[in-house]
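*Asks:* quick one, what's the 3D model for this:
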Amino acid sequence: MASVMVKDNPILLPLNMEKTVYDGFITVQEKDLRLRIHLPPDHQLKKAKLHCCWKLKHLLHGYEHIVKQRLHQSTDLVSFLLELKTVLYYSQLILEMETLGWDKLLFIDTQFQMLRMKAEDSSGRQHILTINLKSKHPAEAPECSADLPVPLLLKWTPQSSLNQLHSQFLLVIEALTEFWDVLDEIDTKTWILEPEKPSRSDTMRRIAIANNVSIKVEVDPRHPKMLPECCLLGAEHVVTPLRNKLNVNMHLWNPDSGVLQNLQDVLEIEFPSPATHEKSMFSVECGICYSYRLEAAIPDQMCNDPRCGQPFHQVCLYEWLRVLPASRQSFNTVFGECPYCSKPITVKMAAHKS
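*Replies:* Okay, the predicted model is just below:
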């Protein structure tokens, strides 16, 4: 036991040959806390006495009865000191939570290792910060994660606290408020085809324009009101006029206006909205698998013949054309005929694995 005692508490030393009086420090969360322990001659802890420095008393405030009970019930001094450190670790975290405010805590596991804290931006959106504490907390920085479109970079030192982490997180989400305002307006006023259930980290929206016609926009989180990356999807005879308008009217983009209004001005269109259209008119089925969604994908390929315009999933059309004797393949592109009207059709599948 003596060797374990020295290993776990190297600066808590016996003051006499009988080893009935110990004085020194225990280290908890990189803090050295002084205490003195008096043991009876038989070394039984039932009659042991504990004297703490003021810092230790402050940390143990409200837990004194538990510490005294465990001191008298422990089988040996090493076991008691381990329990004392555990109580101090938990009490320190509880003090930090009290400083932060219990109303901001959504969850904490039974081991006090994983916490979820909530924060609200100026637009009233709630965000969650997940904190995984390391075994050497606070000497080792915790792992922090959140549903954000940019990397979460929070500064941490051994002197940091949960309250400081939360304050940094508030600054991060406030810097992204305009980005989420832009996407919330798009989500509310248009029909979003992809993603099906947008998260706060998603920067892309595929917006319905008409049956089998849509635009995919990629909004920059750091410059949300600037012209986003745009990709028009649909039959060429429909998409080409829209693409021409986008190129010709690009100079009309006004960073002081909303992204949605700018897109409508540049494309010279009105996006269908939940107030004027049913989403079912945009949820067209693939002409090969006869379903709207294939895993996460929706139909984004279609026949360019205006009289046909049949939509397909990219992977469905690729596999269909690839096995036909009359089709030919060049690198990642397959050339063949539309399964419905027999007009020429091509599909690319850059990520396809045969």
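
*Asks:* tell me the contacts of the closest residue to P311 other than its chain neighbours?
*Replies:* Of all residues beyond its chain neighbours, the one nearest P311 is P299 (3.7 Å), with distances taken as Cβ to Cβ, 6 or more residues apart in numbering. All C-beta spots, glycine's among them, are computed from the backbone N, C-alpha and C. Shown in contact with P299 (Cβ atoms under 8 Å, 6 or more residues apart in numbering): 212, 284-286, 292, 311-313.

*Asks:* out of those, which sit inside strands?
*Replies:* Judged by DSSP state E, these include 311-312 as members of strands.

*Asks:* who wins for neighbours among the contacts of P299?
*Replies:* Most neighbours among these, by other Cβ atoms under 10 Å: F312, with 27 neighbours.

*Asks:* so that residue sits against Q301, correct?
*Replies:* Yes - when contacts are counted by Cβ atoms under 8 Å, F312 is listed as touching Q301 (4.6 Å).

*Asks:* name the residues contacting each of those two.
*Replies:* V347.

*Asks:* from V219, how far off is P228?
*Replies:* Distance of P228 to V219, computed by Cβ to Cβ, to the nearest Å: 5 Å.

*Asks:* which residues are common contacts for those two?
*Replies:* Shared contacts of P228 and V219, defined by Cβ under 8 Å, 6+ apart, comprise V259.

*Asks:* would you map out the domains in this protein?
*Replies:* 2-99, 103-175, 178-280, 286-348 (automatic domain parsing).

*Asks:* ok, S257 - contacts?
*Replies:* 225, 265.

*Asks:* my read is it is in a helix, agree?
*Replies:* No - S257 is assigned coil when assessed by DSSP: H, G, I helix; E, B strand; the rest coil, not a helix.

*Asks:* and the longest helix for the protein?
*Replies:* helix 77-100 (DSSP state H).

*Asks:* show me which residues of that one are buried.
*Replies:* For helix 77-100, the neighbour count (16 or more other Cβ atoms under 10 Å) marks 77-78, 80-81, 84-85, 87-89, 91-97, 100 as buried.

*Asks:* in which helix or strand does L165 reside?
*Replies:* Element membership of L165 [criterion: DSSP states H and E] is helix 162-175.

*Asks:* show me what counts as buried in that helix.
*Replies:* 162-166, 168-170, 172-173.

*Asks:* show me the shaky parts of the chain.
*Replies:* 1-3, 350-354 (pLDDT under 70).

*Asks:* and if we set it to 50?
*Replies:* 352-354 (pLDDT under 50).

*Asks:* give me the contacts around stretch 78-95.
*Replies:* Taking Cβ under 8 Å, 6+ apart as the rule, stretch 78-95 contacts 1, 4-5, 8-9, 12, 26, 28-29, 33, 45, 56, 59-60, 62-63, 66-67, 70-71, 74, 112, 162.

*Asks:* buried subset of these?
*Replies:* 5, 9, 12, 26, 28-29, 33, 45, 56, 59-60, 63, 67, 70-71, 74, 112, 162.

*Asks:* next, the distance between the ends of stretch 4-21.
*Replies:* 17 Å (Cα to Cα, to the nearest Å).

*Asks:* what's the answer for stretch 323-339, then?
*Replies:* 12 Å.

*Asks:* can you give me the strands in the stretch 201-350 of the chain?
*Replies:* For the stretch 201-350 of the chain, applying DSSP state E, counting those that start in this stretch gives strands covering 204-210, 213-218, 229-233, 301-302, 311-312, 328-330, 333-337, 344-348.
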